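> Okay, structure incoming, though there's no sequence with it:
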């Protein structure tokens, strides 16, 4: 008890010789769960000051850097570090960032809120004040002038429930030694979630009876497939049932679009041609992992009736107007249901009768200047199993929704939270995690201006993403002086950031010929470096926004 009371005081607690530290233990735990790259911004609460005149304590960042299996990536600002951890978690399964107390924590808060909206396992680690300063009346720098050091914690509480996570470590505790820290951590062993057998049986029987009576049922995949880790079980159901599959816009990238049963995106007024009609005309539909809000339904233009819907959430199944059965986990349910359904291809055959194949198109003349339709036609041609698409909030995400993803092609965007500038940091994080893929990011000028700084981090990390910066911003839906931003020389800015250090290539294109040449260069001579292509389009050239914004 006496030792505990002295933690953080001038007299350091007695340490066992040769024992490890709390900081080194944290570093090894991060490596163990898969966060081998940690995005950070230094500050004096995670860079400890001199504890006395003779010895300098290791800082939080020093402890992490000392772990040979952990790569510490310094970012240009806290918000981008959080966005990068978000992107990393999408590709790797977990991401982490380290910032300093209050000014760093409240800055990264927005990125953590976005990760929470997508149920992403992002760990935000904050270097905090000395432990002996809590409970005193001292006012510290980096605060709002109050001696309450729990304000930051309270801000994080609402957005770090299960996923993401918030860890605040007093800077005086990092060097605390304990014999258990010198040993390898006990491996994580989380008990598997097991469905209630009676509930699972009841849910499967009720759902099978419901769907087997339908004439033209369909399946719709949603974003919570990722949370439930049920993509494999989802495809078992698809293959067994014969139903056509569509995705909610926030579920794009979680369902293989090369599958012969895939018919497009179900998004109300913004649905892929005929896909929305097939869903809305079905007499039964099973939504797997959906999330319904004003965006996914395009202001309630998605005409779905509860009495025709099976809603499968990660741990619950709702059957039409009938029972809602809990403690039934998605993967268990889908695998069991696949064995009970009668094969029914009626809705799929209806779709094939009315659909126009995507590879049938009219010939066109060379277009000058470049149009958005044309740009995304060429982006479509670039996609493969070794690429991943990052779509920014705004015009880019609407256009990217219509891309047909080849097998194993990644796709990410932040639909629900929609934080401007997210894509720049997310591109950094995703590319760092998925080294086997080349990221193709589609970003608007306004969004790029928010987060452009960490282009320098991408260069420093030797990344090879291709960024299409679409200039200018759209104003078709609602024009006004608040949409006018200062024009930047975007390629000039990136060239200045490059400054001859590392690998980076830029191009500015206005015509189709220039676009073709730029893509050929980015995928040929400069395939191993970061490529930034500024595409000049007319401010009123929007492909999908007016339809979705009405």
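Everything's here; your move. Just so we're clear, the structure is a prediction, and the values are computed from it rather than from any experiment.
> Show me the contact partners of stretch 252-259.
221, 223, 225-226, 231, 234-235, 238, 245, 247, 262, 265, 389, 401, 404-407, 410-413 (CB atoms under 8 Å, 6 or more residues apart in numbering). Heads up, the C-betas are built off the backbone N, CA and C, glycines and all.
> hmm, try it at 6 Å
Stretch 252-259 is contacted by residues 221, 225-226, 231, 247, 404-407, 411 when judged by CB atoms under 6 Å, 6 or more residues apart in numbering.
> I'd like the residues you listed as CSV, with secondary structure and pLDDT appended.
Formatted as CSV, the contacts of stretch 252-259 follow (DSSP: H, G, I helix; E, B strand; the rest coil; pLDDT from 0 to 100):
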residue, secondary structure, pLDDT
221, strand, 98
225, helix, 97
226, helix, 95
231, helix, 97
247, strand, 96
404, coil, 95
405, coil, 97
406, coil, 97
407, coil, 96
411, strand, 98
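> For ChimeraX, write the selection for the buried entries among those.
A single ChimeraX command selects the buried members of the contacts of stretch 252-259 (16 or more other CB atoms under 10 Å):
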select :221,225,226,231,247,405,411
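> of the contacts of stretch 252-259, closest to residue 284?
Nearest to residue 284 among these, counting by CB to CB, is residue 221 at 15.9 Å.
> how long is stretch 402-412 end to end?
13 Å (CA to CA, to the nearest Å).
> Residue 67: what's it in contact with?
residue 27.
> From residue 168, how far out is residue 379?
Applying CB to CB, to the nearest Å, the value for residue 379 to residue 168 is 42 Å.
> my bad, residue 232
37 Å.
> higher neighbour count, the two?
residue 168 (18 against 11; other CB atoms under 10 Å).
> The more buried one: what secondary structure?
Assigned by DSSP: H, G, I helix; E, B strand; the rest coil, the conformation of residue 168 is strand.
> hey, what's it bridged with?
Here residue 168 sits in beta bridges with residue 126, as judged by DSSP bridges.
> do the same with the one 10 residues further on
According to DSSP bridges, the residues that bridge with residue 178 are residue 20.
> What number of residues are in the vicinity of it?
Counted with other CB under 10 Å, residue 178 comes out at 14.
> Tell me the pLDDT of residue 375.
pLDDT for residue 375: 95.
> how does the protein divide into domains?
15-182, 197-354, 372-540 (automatic domain parsing).
> Mind telling me which of those the model trusts least?
domain 15-182 has the lowest average pLDDT among these, namely a mean of 88.
> what separates that domain from the chain centre, distance-wise?
For domain 15-182, the separation from the chain centroid amounts to 21 Å (computed by CA atoms, centre = their mean, to the nearest Å).
> about what we covered before: I'd like the domains of the chain as TSV, with distance to residue 190 appended.
Shown next, in TSV, are the domains of the chain (distance: least, CB to CB, whole Å):
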stretch	distance to residue 190
domain 15-182	11
domain 197-354	13
domain 372-540	22
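> So which of these is nearest residue 189?
Per CB to CB, nearest to residue 189 of the domains of the chain: domain 15-182, 11.6 Å.
> Give me the nearest residue to residue 30, chain neighbours excluded.
Nearest residue to residue 30, sequence neighbours excluded (CB to CB, 6 or more residues apart in numbering): residue 96, at 5.8 Å.
> Double-check that that neighbour belongs to a strand.
Yes. Assessed by three-state DSSP, residue 96 belongs to a strand.
> all helices of the stretch 451-550 of the chain, in order?
Under the criterion DSSP state H, counting those that start in this stretch, helices of the stretch 451-550 of the chain are mapped to 455-460, 490-498, 512-523, 545-549.
> which one of those helices is the most hemmed in?
Burial of the helices of the stretch 451-550 of the chain is given as mean neighbour count (mean count of other CB atoms under 10 Å); helix 455-460 ranks first at a mean of 21.
> Off-centre distance for that helix?
On CA atoms, centre = their mean, the centre of helix 455-460 falls 20 Å from that of its chain.
> Give the other helices and strands that that helix contacts.
helix 490-498 (3 or more CB pairs under 6 Å, 6 or more residues apart in numbering; DSSP states H and E).
> Which residues does the helix it packs on contact?
With CB under 6 Å, 6+ apart, helix 490-498 has contacts from 455-456, 459, 469, 504, 506, 508, 532, 534.
> repeat that for 8 Å
445, 448, 452, 455-456, 459, 469, 471, 504, 506-508, 532, 534.
> before we move on, back to that, okay, the helices of the stretch 451-550 of the chain in JSON lines with distance to residue 351 next?
Output for these, formatted as JSON lines (distance: least, CB to CB, whole Å):
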{"stretch": "helix 455-460", "distance to residue 351": "41"}
{"stretch": "helix 490-498", "distance to residue 351": "42"}
{"stretch": "helix 512-523", "distance to residue 351": "32"}
{"stretch": "helix 545-549", "distance to residue 351": "21"}
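> which stretch among those comes nearest residue 91?
helix 455-460 (14.8 Å).
> what comes into contact with the closest one?
73-76, 80, 84, 424, 427-428, 431, 465, 494, 497-498, 501-504, 530, 532.
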